Structures are given as C-alpha cells and as structure tokens.
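**Student:** no sequence on hand, only this structure:
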C-alpha cells in the first residue's frame, strides 16, 4: 500500500484569481508583508501497488488523465510506502 | 524573503465529498487500485520577514485567521528562505 501526496499548481504564467483574492484578504487582515500568493490543490491518494515504480507510473497517469489540467497546471507527487 | 508552502487538509473524521468524487472518477477511468482519496488545499505564500521565526509566527497566524477553518481543517507548512 502506498500513500501518494499530489500537489497540483497553476503554471507560473497563468492568472490566479483565487491567489489574488487570498492575498487581498491577508492584506485586509494586516499581513502587509505578504508579497504574493498562489493557490493550488493538495490530494492524498492511498493505492495498492506491487512496488514504488508501479505506484509512480499509476499516479503519473492519474494526474495526466484526471487530477491536473495539463494546459494550465503542473503536478508533482511524493510516494510513501505505508 | 521567505516562501511558505501551506497544506490545508480536512481533519480525518470530517466527510470529504470532493475526495469521494475524485475516487469515483479514478475508478471509472480504470484505476481500481485506488483505496481512498482526500482532497485539500496547497497555498504558496511569499512574504517579507526578518528571520525564519518571525515568518513562522506570521504564517501560523495567517492559517489560523484565514487559510484554514480550525473547526474542520488542519494545516501545516514549510518555510524556505529565497
């Protein structure tokens, strides 16, 4: 059994209205030191796999097919055997 | 300047309809090996701070006040000097 921690982020050139809104909220709360905010997704997946390389192949495929939009998003993940 | 990588996750006992929907989608796509999915938020914040301990205090406060809902969510973060 593996735990995959998947991070999906907008590509650096893509506008991020959610991040801008969070930044505005932090400024309103007095956190003037905040320069920039980028919002993304964090997904934890538990899956069965023979070994780490099989898990790696499967999670990469999941990201490509469902979890990330390759046009505007990047993804990366970590695997941990549980 | 510091980069804070903030992870906001639902507490383990809280229902996660988004995670269940993702799991259903992965199963439909043929990823039968997936056991469970939990969905969370990933936020990158760049901020000015004198040192790491000041940045730590500030980001903790941001999480408590805005980024996480302490009733149903947990948060953790990493700091990196940039």
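**Tutor:** The structure has been received and is ready for your questions. Only a predicted model underlies this, so the values are computations on that prediction, with no experimental measurement involved. Residues are numbered from 1 along each chain as shown, chains lettered A, B, ... in the order given.

**Student:** only C-alpha atoms from now on, for both contacts and neighbour counts.
**Tutor:** Fine.

**Student:** chain A: strands as residue ranges?
**Tutor:** A:2-10, A:34-47, A:73-81 (DSSP state E).

**Student:** what's the angle between the first one and strand B:34-47?
**Tutor:** What that stands for is strand A:2-10. Here strand A:2-10 runs at an angle of 40 degrees relative to strand B:34-47 (axes from the mean of the first three to the mean of the last three C-alpha atoms, to 10 degrees).

**Student:** same check on the longest one?
**Tutor:** Here strand A:34-47 runs at 170 degrees with respect to strand B:34-47, directions being taken by the same axes, to 10 degrees.

**Student:** quick one: mean pLDDT for strand A:34-47?
**Tutor:** What strand A:34-47 shows for mean pLDDT is 97.

**Student:** how near is residue A:2 to residue A:71?
**Tutor:** Between residue A:2 and residue A:71 the distance is 28 Å, computed by C-alpha to C-alpha, to the nearest Å.

**Student:** who has more neighbours, these two?
**Tutor:** Counted by other C-alpha atoms under 10 Å in any protein chain shown, residue A:2 and residue A:71 do not tie: residue A:2 has more neighbours, with 20 against 9.

**Student:** contacting residues around that one?
**Tutor:** Contact analysis of residue A:2 by C-alpha atoms under 8 Å, 6 or more residues apart in numbering or on different chains lists A:46, A:47, A:48, A:49, A:52, A:55, A:79, A:80, A:81, A:82.
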